[in-house]
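Trainee: Compute the structure for the input listed below.
(chains A, B, C, D, E and F)
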Number of protein chains: 6
Amino acid sequence: MAKIVTVGEIMMRLQPSGYKRFLQADSFDVVFGGGEANVAVSLAQFGEDVAFVTKLPSNAIADKCIKELKGWDVDTSKIVRGGDRMGIYFCEKGCSQRGSNVIYDRAGSSIATVGEKDFDIPAMLDGVEWLHWTGITPAISDNMAQVMEKILIEAKRKGITVSCDLNYRKKLWTREKANAVMSKLVGYVDVLISNEEDCKDVFSIEAENTDINSGVLSVQGYESIGRRLMEKFPNIKYVAFTLRESVSASCNGWSALLIDAKKVYKSKKYMIDIVDRVGGGDSFGAGLIYGLRNGLGEQQTIEFAVAASCLKHTVEGDFNIASVDEVNKLARGDGSGRVQR
Amino acid sequence: MAKIVTVGEIMMRLQPSGYKRFLQADSFDVVFGGGEANVAVSLAQFGEDVAFVTKLPSNAIADKCIKELKGWDVDTSKIVRGGDRMGIYFCEKGCSQRGSNVIYDRAGSSIATVGEKDFDIPAMLDGVEWLHWTGITPAISDNMAQVMEKILIEAKRKGITVSCDLNYRKKLWTREKANAVMSKLVGYVDVLISNEEDCKDVFSIEAENTDINSGVLSVQGYESIGRRLMEKFPNIKYVAFTLRESVSASCNGWSALLIDAKKVYKSKKYMIDIVDRVGGGDSFGAGLIYGLRNGLGEQQTIEFAVAASCLKHTVEGDFNIASVDEVNKLARGDGSGRVQR
Amino acid sequence: MAKIVTVGEIMMRLQPSGYKRFLQADSFDVVFGGGEANVAVSLAQFGEDVAFVTKLPSNAIADKCIKELKGWDVDTSKIVRGGDRMGIYFCEKGCSQRGSNVIYDRAGSSIATVGEKDFDIPAMLDGVEWLHWTGITPAISDNMAQVMEKILIEAKRKGITVSCDLNYRKKLWTREKANAVMSKLVGYVDVLISNEEDCKDVFSIEAENTDINSGVLSVQGYESIGRRLMEKFPNIKYVAFTLRESVSASCNGWSALLIDAKKVYKSKKYMIDIVDRVGGGDSFGAGLIYGLRNGLGEQQTIEFAVAASCLKHTVEGDFNIASVDEVNKLARGDGSGRVQR
Amino acid sequence: MAKIVTVGEIMMRLQPSGYKRFLQADSFDVVFGGGEANVAVSLAQFGEDVAFVTKLPSNAIADKCIKELKGWDVDTSKIVRGGDRMGIYFCEKGCSQRGSNVIYDRAGSSIATVGEKDFDIPAMLDGVEWLHWTGITPAISDNMAQVMEKILIEAKRKGITVSCDLNYRKKLWTREKANAVMSKLVGYVDVLISNEEDCKDVFSIEAENTDINSGVLSVQGYESIGRRLMEKFPNIKYVAFTLRESVSASCNGWSALLIDAKKVYKSKKYMIDIVDRVGGGDSFGAGLIYGLRNGLGEQQTIEFAVAASCLKHTVEGDFNIASVDEVNKLARGDGSGRVQR
Amino acid sequence: MAKIVTVGEIMMRLQPSGYKRFLQADSFDVVFGGGEANVAVSLAQFGEDVAFVTKLPSNAIADKCIKELKGWDVDTSKIVRGGDRMGIYFCEKGCSQRGSNVIYDRAGSSIATVGEKDFDIPAMLDGVEWLHWTGITPAISDNMAQVMEKILIEAKRKGITVSCDLNYRKKLWTREKANAVMSKLVGYVDVLISNEEDCKDVFSIEAENTDINSGVLSVQGYESIGRRLMEKFPNIKYVAFTLRESVSASCNGWSALLIDAKKVYKSKKYMIDIVDRVGGGDSFGAGLIYGLRNGLGEQQTIEFAVAASCLKHTVEGDFNIASVDEVNKLARGDGSGRVQR
Amino acid sequence: MAKIVTVGEIMMRLQPSGYKRFLQADSFDVVFGGGEANVAVSLAQFGEDVAFVTKLPSNAIADKCIKELKGWDVDTSKIVRGGDRMGIYFCEKGCSQRGSNVIYDRAGSSIATVGEKDFDIPAMLDGVEWLHWTGITPAISDNMAQVMEKILIEAKRKGITVSCDLNYRKKLWTREKANAVMSKLVGYVDVLISNEEDCKDVFSIEAENTDINSGVLSVQGYESIGRRLMEKFPNIKYVAFTLRESVSASCNGWSALLIDAKKVYKSKKYMIDIVDRVGGGDSFGAGLIYGLRNGLGEQQTIEFAVAASCLKHTVEGDFNIASVDEVNKLARGDGSGRVQR
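Mentor: Okay, the predicted model is just below:
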């Protein structure tokens, strides 16, 4: 029985090789990914017992997706099969001053048409200790938002710790709708992960003194957002912020803050040469969950989470293929990239 | 101004390389295709002035598709942009006793949600001499069936020759619905292309003495179907049948019959080592249209059409990349595959 | 708990792409395979609950192998980690008159240095109904031969059905040694799979009237071998023979016989255009086990096993990626390779 | 009818994949490019109506080139077919301290053997508003230099604006010959594009205080060159200079100056992680032409041109696949490479 | 010191991968080949000490070519460097009824502009026992024809055995010119290799009763051609004919005849599934030279030569990568393509 | 006869393409490399006459390796064939904060089981002027350590200059054993190459004031190590140190020092964007040997060696494919990576 469950959509990512633009591509690399699936895979690499819950159609494309998840040690036994299609997103990798492009083709996916009876929620959460979801899940469809609320209610009933990454997607819903739905659902959350932009988009809570593009950060500003979130959602024990400094599509600064009732914990900052930044936030979430579940302490937890997601940026695909040992090695200070032999 | 117009859906085909199965694929080759687009591209390679009409979304994936069509000299100026997505089909290439697998993901495509006002039909057919469509187009959606009928009415009003390939797709509609719609639409058709199976599925007209798998063919049987079609649809001047003998997924026999009011013209038969059989029927249609439009005479027309589609089976992708010279060389008897140097 | 267990070595196969020779290769495709693992994967695709048991080193290369097996739904929980390396074999794919080349680099592999205490045999076989192994396993090393005997003794103690594929490998041991070891171990076997050559090499039992290269087969000859095997090993209930006719490296005839106490059941013969023949015999074994376990009856079992392995020859890699439905479709007569759409 | 015409040679570029050296390459990626063709393609992506004029042989290699140009929306109807071959250049991509290598194989190309009667110059320029050429075109052969002069005379007769990129190629002609020919031809030019080196090589006009390798630039120095060019060629309204700072083969600084009768307009400078720098200058030319033709004003024009060519450095191949929107987004200040989703 | 020398042109072959047509190709596989180089490489694989003589430009493309030859154990020390370019040929692989296409781009190659003083002919032939050339070499240019004659005169002076493959190339010269030149040069030849077509094209000597496309062969017809060649060129000791039956581009029949003063030796015939037929004739020549040099006897020599070239058809590239052991295995009768393991 | 000989192991390197991790790889790029082979290949590119000596098995994998060496102009005539396998190492390329991973699979390789009689040492060193080896060679096995000592004794007897790169490999032997063996063998060495770490690991000689990760270097510290080495091994004329500053796996600082009896020569430092850092040290060794053999003088020698190895970091594979001209161009100051055209 998995002790951690994540719930959401997993999509097929189709991507031109290297730095080819969509108009130049005659083939696509195929990977699978989605916020909650990414967290599940990363946790499984850390040795956690984790299940991913979604709905996928009964065809070979979805079979391939499930095969991948199984290969990465994720429990797929709670995935429901049915519906018409799995969501697709096309991703064109950016470089230097040219940003990445994403085209979503996820309308009508199986998870979007999920019904209340598709999932046996009590069974899904049986024996579970931790539940993770992101703001993408309720944004997929009204159906899914309702199902998500039912899951959260049951989770709280069972005393399960709930973490959520705000992950606002403007192509899926408006700020108004996001605010309405998330204001309700975040009420069930114990650990909230966000960045400054998402907080502003969803809850109109803004930090001062931070310019997203320049990446000039004020710890105080973040703390003030964190405190306001904790006031609004008294259930929250931890707020974590990822701080991305987009120097260019090839190079990002990356650090994070963890805020609890009393204190702010700030991580080291990494300057990263990017291989693939998709899933960077999700790998942070996985690192955070791992740290909190394994008693690393707040400071070490935020360092672990940031180091984990730093490594993710150097790995192809949505999933973070990094072990606890590799993350610890980096978190403890060796970012020199020397060969071991 | 294009003299030939074809109307229908064009989809993105995603295919594992070589003989990999879906479950083994980590990348997909990308080509574009669809019955009517395939006919248009093939005719353009024969030097015909041809436009393809469809509706495609405003994104880079559809831009790529249009770029391809332009590269193949197809007039894309009448393509309407809008709607949500372009249809996709996944294709796993078969070999020997293992047949190819096709997974359609075309629901909700732009062309399926086409409205009456999307196309300016009189302008679309202005100066046009020949209109080609297939049974897939009205099967896409009720909308599209209605639009197709309007196009056919206008075509007949303008004295345009109309050709149609029956192309029954059981995953798109039932036999009953196909019968109802096609019985109406085929009434506008001058040249009908079919095979035995489609005739049976759509009009319940069947030849005797032919076993689809064994490929034992009776010319008389086909003639009797042709005559019955001509009775049912007095507008029809020609009925053409393709005769596929599926020895295996790697080797097919391929020939055809052309039936006019008086006579049956039978082509040579080719035993083909298959590179890619998708679009084989469409390349036949293009060859037939080319032959009839260019006064090749019935016997030479059917030989040209079969030789053209024989070559298609040796070409990757949906499109037949073969010139009139190459088709004539084969039709006149040199199938030895010798190198010219 | 898996109901079927297979025990043996799994190796990394390194293969030049397409028809490149070793001397021309600048990259290798990587797959994993081995007689018993191939059977396990194929059975898992048929929906059986199957575990593969082996010993693999603790490194990322072996991790990748296990990831693959998990993806194919094989229970890997009984795989022991340790030792120095996993075996490798290099495979150069043949074509037409040029046969495939195999270079083994398996000396010193973890499974070859397995010790008695590596496996908890009673636990390994707990709840198991069927055990499968091949003649390669005891040939790997004396250690492994001893462990294999212990496993067989425990299997018989538990009433587990045992199947074995003779699979003589002259690069691993001499005929004399094979005879000595296999004469002992086959005594525990209920279902024996072989071909004419292996029978001759291991037990010096030969059919008359059969020329391996010409592929002229005599059912009577095979029956006589089968009867002699059953006499020598009274435990055997079924002997199955695969009959390969090597027309060329690109085209093989393929059929089989199943012999029980009373009768000989002969399958259809397929002429196969080969994509990858490695694992062809193993896929037959998997089909046979499936048929016998699922009460298909002897005739249908042998047809199922041959159809399954016919499909394997059209699939890249060692593993047979074919479902029960696909095998049944072929076994019931549709080898025409037609597209379903 | 195209409103912009560019005239020159287009070659096939053959390039080892990634960072492989020529001696390591077993395959070449194929793209097409040439100074004037690159400008045409880039302008077409900006929505301009543009034709590219050249001479290409009648074979499938040149057909492929024309297919590409059509795909990118360039009018190819004025391309003359004939002659023996199309030019080829082999390109080995550099990295860090290792510069790119180019091997030209363009002798005897169709355009080099062009004759006066090959082009119908009045028809070529009918309805044209802007003509672009580079210093490579007259360097190809004496024939081509003469044809180019005839084209320029007709262009001036018709009141067409003429732009020219000096583009000195020492492998094609000597400085002396370049000086003699270009001194004549630049007399017809309204907009001259250059860099410091080319000015020195062709006209022996030099800026002080600039070290090509160190990239220390003096705006005054450039202005003085510009003024001297305007004196020598009174027809010139604008001189534009690109300023490349070669930190290494992987990283360049990139900016530009635009000089008109009164003033110098200096652009922002971008530090670029290079994907492919071939065609960087051409994409600048296209941006400049776009800006001047569309009334962007001098400052915005030079910013647009530099941003366009900055993006080019992140795109594979000779052609700049960037839209007006993408260029504007960068020119207006967002070079952070953030993903839009 | 090499004991065998071959003289001629080596070109770079650029080929779309798989069965892609030129118009579909975005990359080319790169191999090198040419009649005489192919013979040299094949002989080197048979363990012969062989040098290839040509002229190649001083650039990295030619360096790569020489690197390949060295890798295959060919002595390249006599290759002269200089001139402008190396010849290129583009090759599109055919399949089934679609033949392969070849586009030559060899004008102006270094070897075509070779001068008398480029080669030190006495040194080139010092210690040499066998000289091989083909009809392509004198067809390259008048220069090369003259150089070739000088080489042949010196060879005869030194008592070197000379073999020649007629290899008529209609794209290089007319039949009249070929006749004039070859009538002179073949006078120096001891072993002549040809097929029926080349004999007719070059010497207007024709066999009766043979239809090239149907492949109906008459041994008597070939013998009569052989006798007439021996009469015309009394120096000839052996005439060898290859007999290709082009069933399709994918499948050829392949056999040969060897004629000496007294007798005709006919080989087995192989039906070959073709991987790459370029260089098929050259590999035959190499096999023939090997057989004659190593005293295999006429019948075994022709069997060896045909088996060698049969294997070549299954190998990618111009070169025959087959050892004496592999050829013998096939020549002795095992064409079953069985795996050795 | 080669004037330089290097002795050691060459292995097959199997590497996932791009930045894929082992767990993500479905194919491996294949190159060959090893410390001494890398030096040999690099010297051959500099025009030196160099032989590489090793023992390799008699199979096609080793044939391929030898073919590569021949292609790079290395004399392979002294390679002994025999034994069971060639060593393999798997290499996963790092990026940014994620370091490269290496998995060795070299146990039981042919060179490890080399016996005294395998090599004819006097013949091996006949006419040789320079012998190079590294600390990896004696670490392979006790056998090989003994053979290496015999080779060194003979080399000294013949007055051959001996260079050695310490190259400590902790996976092959302990520090204690390395110390014992190397203390003996380095006694025969004239030119010693090392870095700070290896000196510490093997001889416990340490520089002060240097932090490996931060890369803060003290010339004095290095000089003191050098002096102590020269005291310990009076035979040594030169000690060279490479100084790597690991900013990250993607970016390294790279410089070196050369110490002779009197003086320390310090090179420029390069900041390198890394393509492939494997073999970086070996290419330095080759540059050093080239400089010392060709009388470049100490300062120019160390600049040449560092520039050579700087270029190596931009080249795929173990081998440094760089010419003397290319190295000189960089050493003399042009690291701007400008295109030559």
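
Trainee: pLDDT score for the nearest residue to A:Ala25 once chain neighbours are set aside?
Mentor: Among residues not flanking A:Ala25 along the chain, A:Pro16 sits closest, at 3.5 Å (CB to CB, 6 or more residues apart in numbering or on different chains). Any C-beta I mention is one placed from the backbone N, CA and C, and that applies to glycine too. Note on A:Pro16: pLDDT of 98.

Trainee: isn't A:Pro16 right next to A:Lys93, touching?
Mentor: Yes: assessed by CB atoms under 8 Å, A:Pro16 is found in contact with A:Lys93 at 7.4 Å.

Trainee: between the two, who's got more neighbours?
Mentor: A:Lys93 (25 against 22; other CB atoms under 10 Å in any protein chain shown).

Trainee: can you pull the contacts of the more buried one?
Mentor: The contact partners of A:Lys93, by CB atoms under 8 Å, 6 or more residues apart in numbering or on different chains, come to A:Gln15, A:Pro16, A:Gly18, A:Tyr19, A:Ser100, A:Asp276.

Trainee: Tell me the most packed of those, by neighbour count.
Mentor: A:Gln15 (25 neighbours).

Trainee: Next one: it from chain B, what distance?
Mentor: Per CB to the nearest CB, to the nearest Å, A:Gln15 is found 9 Å from chain B.

Trainee: What residues are bridge-paired with that residue?
Mentor: A:Asp29 (DSSP bridges).

Trainee: The residue most central in space within chain A sits in which helix or strand?
Mentor: Against the mean C-alpha coordinate of chain A, by CA atoms, centre = their mean, the closest residue is A:Asp282 at 2.9 Å. For A:Asp282, the element it lies in under DSSP states H and E is helix A:280-293.

Trainee: Mind giving me the packing neighbours of that helix?
Mentor: helix A:35-45, strand A:130-134, strand A:161-165, strand A:191-194, strand A:238-246, strand A:251-259, helix A:298-312 (3 or more CB pairs under 8 Å, 6 or more residues apart in numbering or on different chains; DSSP states H and E).

Trainee: if we can go back for a sec, what sits closest to the residue nearest to the centre of chain A if chain neighbours are left out?
Mentor: A:Asn38 (3.5 Å).

Trainee: Enumerate the residues of chain A near chain D.
Mentor: By CB under 8 Å from any CB of the partner chain, the residues of chain A that approach chain D are A:18-21, A:23-24, A:94-102, A:104, A:169-171, A:213, A:246-251, A:277-278.

Trainee: Select from the residues you listed every entry located in helices.
Mentor: Judged by DSSP state H, the subset of the residues of chain A next to chain D located in helices is empty.

Trainee: are any of these buried, and which?
Mentor: By neighbour count, with 16 or more other CB atoms under 10 Å in any protein chain shown, the residues of chain A next to chain D hold A:19-21, A:23-24, A:94-102, A:104, A:169, A:246-251, A:277-278 as buried.

Trainee: Which residues does stretch A:130-137 contact?
Mentor: Contacts for stretch A:130-137 (CB under 8 Å, 6+ apart): A:3-9, A:34-36, A:39-40, A:125, A:144-145, A:148, A:151-152, A:155, A:160-169, A:172, A:178, A:182, A:198, A:202, A:282, A:285, A:289, A:293.
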